[in-house]
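**Q** sequence unknown, structure follows:
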């Protein structure tokens, strides 16, 4: 795995950093679900954060560390047949992710 600069900002409420086991599980499910032609197909990413009690995962791109993609996993356990799934909720910077979470759900980073 490529070493990324340490980046662990405060997440919006309901989002958590995965431990190594959880991160691997989320990445393996993403890889199982990705059909050819999907935005993340053949992209090197890591599971950066996940939303508790949903199937939303924020992946960080290894080759573009400023780029993040929020995905809604289906947990189908196999490759999706439509390139629109697993659903891409956001593809952009971490700041764009924060802005979208606030716009859609009113979620802001937790107070430290």
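**A** That came in fine, so what should we check first? All figures in this text were calculated on a predicted structure; none of them were measured in a lab.
**Q** how close does residue 92 sit to residue 76?
**A** 26 Å (C-beta to C-beta, to the nearest Å). (C-beta placed from N, C-alpha, C; glycine too.)
**Q** correction: the previous question concerned residue 82.
**A** With C-beta to C-beta as the criterion, residue 82 and residue 76 are 11 Å apart.
**Q** now do residue 83
**A** Counting by C-beta to C-beta, the gap from residue 83 to residue 76 is 14 Å.
**Q** for residue 33, same thing?
**A** To residue 76, residue 33 is 6 Å away according to C-beta to C-beta.
**Q** more neighbours, these two?
**A** Between residue 33 and residue 76, residue 33 has the larger neighbour count (other C-beta atoms under 10 Å), namely 20 against 13.
**Q** per-residue pLDDT, that one?
**A** With respect to pLDDT, residue 33 scores 96.
**Q** is it correct that it is in contact with residue 85?
**A** Yes. Assessed by C-beta atoms under 8 Å, residue 33 is found in contact with residue 85 at 7.1 Å.
**Q** and the lengthiest helix in the chain, what's buried?
**A** Longest helix of the chain, by residue count under DSSP state H: helix 20-33. For helix 20-33, a neighbour-count test (16 or more other C-beta atoms under 10 Å) marks 23, 26, 27, 29, 30, 32, 33 as buried.
**Q** per-residue pLDDT of the second one, please?
**A** pLDDT, residue 26: 97.
**Q** tell me the contacts of it?
**A** Applying C-beta atoms under 8 Å, 6 or more residues apart in numbering, we find residue 26 in contact with 18, 47, 50, 57, 73.
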